[in-house]
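Engineer: next input, structure requested:
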Amino acid sequence: MTTSTAILREQPRLLATLGLCFLVALLEGLDLQAAGIAGPGMARAFSLDKLQMGWVFSAGILGLLPGAFAGGWLADRVGRKRVLIGSVALFGVFSLATAHAWDLHSLLAARLLTGVGLGAALPNLIALSSEAAGARLRGSAVSLMYCGVPLGAALAAGIGIAGYAGNWQLVFHVGGVVPLLILPLLALYLPESGGFHAAAEAGSPASLRRDLLGQGATWLLWLSYFFTLMVVYILINWLPSLLVGQGFSPSQASWVMFALQIGAAIGTLTLGVLMERLPAWATAALVYLGILAALAGLGLAAELRSMLLAGFVAGFFATGGQGVLYALAPWFYPARVRATGVGAAVAVGRLGAMSGPLVAGQMLALGTGSAGVLLASAPGIVVAALALFRLAARRPAQLPD
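Structural biologist: Numbers count the residues shown, from 1 in each chain. Predicted coordinates:
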């Protein structure tokens, strides 16, 4: 078989993988943003104060932590496709359960289990996309897949713009029914990754520790993931409520979230392409200087037009920078532990994501205001930037086998 014939034969496989993974990422983004859009309605329905709402936001993120690690670990043993299908079924069922919660405790349980499913899906989406693409296209493939997340979040914001924010259950009904409807498509048309190895090839616990914890890249990845996701999830969960508290209407707040997620989709694609063309230090500097500028803009903007611009820039660099991290992670792990390594990094990032809304809720309860919450995130961004500088310089020339 000639090289050109092999490429043509593999093209449908790559397109099927990226298309279906993009669709799952779209649904993941819808659910991740759903709690922020539905937050004001949930608070009224259950008479929740700001601290309790912080727990509601963080419950879903807490579920992402074990979900990401377990999803990656299982994928290296039973296959990326199987674990992804189970993950989609799990977050679909419990997104529906969120819409039918009857008190705070049932709401927290539904968000927790939704988060487990969402967390288990992401490392498999990253592994499937990176392993299906050729060496030249891996960064772009992961970025293309991941831009489904902010587009799904923009869809959730669109539900708020359309005036359905008061009917807070609607966004969870959409986020629950559609994942269940696409399960047959995943079962029939999603190819299993060529990089998948059976349990016998996954290595001993000692080799697993060596592959993950024995290299400095893992610790640098974890630092960058933790602080970057902390900021991203403060924005996703608290920004609508912060804007309403500043005097913007719920519809205007939804427009700002829509601008943020459109910026995130464009930023994910743009930064993913730039990562393959710019020096590593330039990409890191661009991402984190952009995040700092966006946080300052969100904290200081006083009218809708400037807030829309700040929201767009925040999405471009914060979520776009997160996409850069997701595209970078597979380069540091061999195929036998790739999903585990990516899943572990995502899980550590979820610790940051979980702590962000809780810290923001506590600061608001103490009366710091929205500007104080956003500007207090700056030191963590500096730490993440320094870690990414060092990490990007260590990226190998090609994905390890």
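
Engineer: can you count the residues close to residue 49?
Structural biologist: Neighbour count for residue 49, taken as other Cβ atoms under 10 Å: 10. (C-beta placed from N, C-alpha, C; glycine too.)

Engineer: try residue 266
Structural biologist: Residue 266: 16 neighbours (other Cβ under 10 Å).

Engineer: and residue 190, by the same measure?
Structural biologist: There are 21 residues near residue 190, going by other Cβ under 10 Å.

Engineer: quick check: it touching residue 18?
Structural biologist: No: here residue 190 lies out of contact with residue 18, judged by Cβ atoms under 8 Å, at a distance of 10.5 Å.

Engineer: and for residue 47, the neighbour number?
Structural biologist: Residue 47: 8 neighbours (other Cβ under 10 Å).

Engineer: I'd like to know how far it sits from residue 103.
Structural biologist: Look at residue 47 and residue 103: by Cβ to Cβ, to the nearest Å, they are 10 Å apart.

Engineer: which parts of the stretch 201-350 of the chain are helices?
Structural biologist: 205-213, 216-245, 250-275, 280-300, 304-314, 320-328, 338-365 (DSSP state H, counting those that start in this stretch).

Engineer: buried stuff in stretch 50-69?
Structural biologist: For stretch 50-69, the neighbour count (16 or more other Cβ atoms under 10 Å) marks 50, 52-69 as buried.

Engineer: ok, now stretch 72-79?
Structural biologist: Neighbour-count burial for stretch 72-79 [16+ other Cβ under 10 Å]: 72, 73, 74, 75, 76, 77, 79.

Engineer: again, but for stretch 353-371
Structural biologist: Residues 353-361, 363-364, 370-371 are the ones in stretch 353-371 that count as buried (16+ other Cβ under 10 Å).

Engineer: ok, stretch 179-194 next?
Structural biologist: In stretch 179-194, counting by 16+ other Cβ under 10 Å, buried: 179, 182, 186, 190, 191, 193.

Engineer: next up, the contacts around the first one.
Structural biologist: Contact analysis of residue 179 by Cβ atoms under 8 Å, 6 or more residues apart in numbering lists 24, 27, 88, 89, 91, 92, 95.

Engineer: just the buried residues of those.
Structural biologist: By 16+ other Cβ under 10 Å, the contacts of residue 179 give 24, 27, 88, 91, 92, 95 as buried.

Engineer: what segments of the stretch 1-150 of the chain are helices?
Structural biologist: So, for the stretch 1-150 of the chain - with DSSP H, counting those that start in this stretch - the helices run 3-46, 50-78, 80-99, 104-132, 138-146, 148-159.

Engineer: for residue 229, find the nearest of those helices.
Structural biologist: helix 50-78 (8.8 Å; Cβ to Cβ).

Engineer: what is that closest one packed up against?
Structural biologist: Contact analysis of helix 50-78 by 3 or more Cβ pairs under 8 Å, 6 or more residues apart in numbering; DSSP states H and E lists helix 3-46, helix 80-99, helix 104-132, helix 216-245, helix 338-365 as its packing neighbours.

Engineer: if we can go back for a sec, JSON lines for the helices of the stretch 1-150 of the chain, including mean pLDDT and distance to residue 253?
Structural biologist: Listed next are those as JSON lines, based on pLDDT from 0 to 100; distance: least, Cβ to Cβ, whole Å:
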{"stretch": "helix 3-46", "mean pLDDT": "77", "distance to residue 253": "8"}
{"stretch": "helix 50-78", "mean pLDDT": "83", "distance to residue 253": "15"}
{"stretch": "helix 80-99", "mean pLDDT": "92", "distance to residue 253": "21"}
{"stretch": "helix 104-132", "mean pLDDT": "89", "distance to residue 253": "21"}
{"stretch": "helix 138-146", "mean pLDDT": "78", "distance to residue 253": "25"}
{"stretch": "helix 148-159", "mean pLDDT": "82", "distance to residue 253": "9"}
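
Engineer: dump the ones you listed to TSV, plus distance to residue 219.
Structural biologist: Output for the helices of the stretch 1-150 of the chain, formatted as TSV (distance: least, Cβ to Cβ, whole Å):
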stretch	distance to residue 219
helix 3-46	26
helix 50-78	16
helix 80-99	25
helix 104-132	18
helix 138-146	21
helix 148-159	25
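
Engineer: picking that back up, show me the buried residues of stretch 179-194 that map onto helices.
Structural biologist: Assigned to helices by DSSP state H, the following of those qualify: 179, 182, 186.

Engineer: any idea which of these is closest to residue 385?
Structural biologist: residue 179 (34.8 Å).

Engineer: closest to residue 320 out of the helices and strands packed on helix 50-78?
Structural biologist: That would be helix 216-245 among the helices and strands packed on helix 50-78, by Cβ to Cβ, at 10.1 Å.

Engineer: just want the angle from that closest one to helix 50-78.
Structural biologist: 150 degrees (axes from the mean of the first three to the mean of the last three Cα atoms, to 10 degrees).

Engineer: what is the mean pLDDT for helix 216-245?
Structural biologist: When pLDDT is averaged along helix 216-245, the result is 81.
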